[in-house]
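**Q** The sequence isn't on hand, but the structure is:
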Ligand code: NAD
C-alpha cells in the first residue's frame, strides 16, 4: 500500500471499525486522510490521527452542506489523487431506530438514508475525478440488510439500500477501474452498536450459532478492508463480503 492515498470516514474512537481499518492501512504503508464528526468528537479522533501520521484531519458531518466537499477539496490540493475510501458511517434518529419500522417517521427514514446511504453515493461522485487510474470504494453493512434482525429496525432497509447502491455504483464506476464493495461485518461492541437495543443478545447469538462459534474483532474487519483496498482484489467489485465468523450462512440452527 506504500504510496497509496486513502480516506477514512467514521472514526469516533479507538473501538471504531474505521479505526481498526485505518491502523491496518497505515501499517501497510498507505497515506491517510481522516475525518471527525464535530468539535465534540475531535479530542477522541485527533490523537488517533496523530498515531497513524494522517496527512489530513478535517471535520466531516455528512449532513452538513459542504463538509464532505471540503474534505475532497483538501485531498485534491494535497494529493491530487485518491486510491481508496472507507465509508464507515451510520446514523438514525433514536426514536425511529428504537421503534418498529412500521412506525418509522418519514423524516427519520429520510435522515437515516441521507447519513447512512446517500453519503456513500456522494462519496463515490466526489472520488470519481480523483481516481483517474482506478480505485476502491468500501462501505460497511450488516446482516440486517438481508434478513430480519430483531431491534435493527429502520437500519435494515437503509443497509439494504446501501448494499444495492454498492452494486449500482460498481456498475457505473467500473469502466473507470473504480471498484465498489461492502463489508458485512459481524457484531462488534462500538459506539454505534451501543445504540442498538439488546445488542449483547446479538453478540451471544453470534457466539453460540456462527460456524466459528464466536463473533469477530474490529481488527478482522479492518484487515478485510485492507484486502479490498489492496491490489489483491483488483477483480472484485459489486461484492458484499461477509466478515462475520460465517453467521450469515445460518438458516435455523438448533443449539
Ligand atoms: P462507530 O460509532 O465507531 O462509528 C460510526 C461512525 O459514524 C462514527 O464515527 C460517527 O461519527 C459516524 N457518523 C454518524 N453520523 C455521521 C454524520 N452525520 N457524518 C459523518 N459521520 C457520521 O461504530 P462502528 O460500529 O464502527 O460503525 C461503523 C460502521 O460499521 C457503520 O456503518 C455500522 O453500521 C457498521 N457496522 C457495525 C457493526 C458492529 O457490530 N459494530 C456491524 C456491522 C456493520
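**A** Thanks, I have it. Since this is a predicted model, take the numbers as computed values, not measurements.
**Q** Got phi/psi on the nearest residue to residue 56 once chain neighbours are set aside?
**A** Spatial nearest neighbour of residue 56, chain neighbours left out: residue 33 (3.6 Å); criterion: C-beta to C-beta, 6 or more residues apart in numbering. Placement of C-beta: from N, CA and C, glycine included. Dihedral pair for residue 33: phi -110, psi 140, per degrees, to the nearest 10.
**Q** Strands of the stretch 51-200 of the chain, residue ranges please.
**A** Applying DSSP state E, counting those that start in this stretch to the stretch 51-200 of the chain gives strands spanning 56-59, 84-87, 135-141, 178-185.
**Q** Tabulate those (CSV), appending mean neighbour count.
**A** Supplementary listing: these in CSV, determined by neighbours: other C-beta atoms under 10 Å:
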stretch, mean neighbour count
strand 56-59, 18
strand 84-87, 28
strand 135-141, 26
strand 178-185, 25
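**Q** who wins for proximity to residue 5 among those?
**A** Residue 5 lies closest to strand 84-87 among those, at 7.9 Å (C-beta to C-beta).
**Q** got a list of contacts for that closest one?
**A** 4-10, 18, 21-22, 25, 30, 119-120, 123, 127, 135-140, 225, 229 (C-beta atoms under 8 Å, 6 or more residues apart in numbering).
**Q** Would you mind listing which of those residues are buried?
**A** Among these, those buried by neighbour count (16 or more other C-beta atoms under 10 Å) are 4-10, 18, 21-22, 25, 30, 119-120, 123, 127, 135-140, 225, 229.
**Q** Can you tell me which residues in this structure are near the ligand?
**A** 10-12, 15-18, 37, 41, 60-63, 88-91, 115, 140-142, 185, 187-188, 190-193 (C-beta under 6 Å from any ligand atom).
**Q** ok so, going back, mind putting the strands of the stretch 51-200 of the chain into JSON lines with mean pLDDT?
**A** Formatted as JSON lines, these follow (pLDDT from 0 to 100):
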{"stretch": "strand 56-59", "mean pLDDT": "98"}
{"stretch": "strand 84-87", "mean pLDDT": "98"}
{"stretch": "strand 135-141", "mean pLDDT": "98"}
{"stretch": "strand 178-185", "mean pLDDT": "98"}
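**Q** Looking at those, spot the one closest to residue 213.
**A** Residue 213 sits nearest to strand 178-185 of all those, at 17.5 Å, using C-beta to C-beta.
**Q** and the angle for that closest one with strand 135-141?
**A** Calculated by axes from the mean of the first three to the mean of the last three C-alpha atoms, to 10 degrees, strand 178-185 forms an angle of 20 degrees with strand 135-141.
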